[in-house]
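Okay, here's the prediction I keep looking at, along with the sequence it came from:
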Amino acid sequence: MKEDDLFDKIVVPADLESKLEALIDRLAEEDIRAKRKSDRLRLWTTGIAAGITLLLSVGLYFQSGRQSDAPLTAQTGYTVEERDIAITEAQKALILVSRNFNKGLDHLAVANNKIEKTNEKFNNTFNNTFKR
């Protein structure tokens with residue numbers, strides 16, 4: 001038997017098209033309702049989180065009171081020399097962290113290059129296999 005003979009024997013109900021259209025419309029409407037519901041929930045959640053944050057900020061502001069206008073050294077109890085030493089040490093630590101992270105970036109670049117080559121080979125093989 002030929003393939004054309006098989007297709008000729010298939011019986012398609014007359015109202016199939018209208019049923020499919022109705023099904024597609026119903027599913028589209030359900031998707032729209034679900035999206036609206038999730039959007040409303042996200043909006044409510046964001047509003048509640050913003051309100052809580054605002055209340056906490058105002059509460060902490062009034063609880064801590066205003067800082068005095070005294071110089072920074074008087075507020076912290078450190079002398080200017082101690083503060084300068086602390087700043088210098090913090091800068092040294094940040095430079096060390098930066099150097100170590102930059103070493104890791106070199107390894108990531110090599111790994112990324114290998115991944116790109118592998119993806120290119122896979123895509124070529126995949127495309128050549130299914131284009132036949």
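Arrived safely. Residues are numbered from 1 along each chain as shown.

in what helix or strand does the spatially most central residue of the chain lie?
The residue lying closest to the centre of the chain (CA atoms, centre = their mean) is Arg42, at 15.7 Å. Here Arg42, judged by DSSP states H and E, is contained in helix 16-64.

Which strands or helices does the longest helix belonging to the chain pack on?
As assigned by DSSP state H, the longest helix anywhere in the chain is helix 80-130. Of the remaining helices and strands, those touching helix 80-130 by 3 or more CB pairs under 8 Å, 6 or more residues apart in numbering; DSSP states H and E are helix 72-76. C-beta: built from backbone N, CA, C; applies to glycine.

let's see it at 7 Å
Where contact means 3 or more CB pairs under 7 Å, 6 or more residues apart in numbering; DSSP states H and E, helix 80-130 is not packed against any helix or strand.

Where do the domain boundaries of this protein fall?
7-65, 77-132 (automatic domain parsing).

so where's this protein uncertain?
Scanning the chain for pLDDT under 70 picks out the ranges 1-5, 65-76, 130-132.

same thing but 90
For the chain, the stretches flagged by pLDDT under 90 are 1-17, 19, 30-44, 58-84, 94-113, 115, 119-132.

ok so, going back, list the contacts of the residue nearest to the centre of the chain.
Neighbour list for Arg42: empty [criterion: CB atoms under 7 Å, 6 or more residues apart in numbering].

and what of Asn124?
Contacts of Asn124 (CB under 7 Å, 6+ apart): none.

Tell me how far it lies from Ile24.
37 Å (CB to CB, to the nearest Å).

swap in Thr88?
Thr88 is 69 Å from Ile24, by CB to CB.
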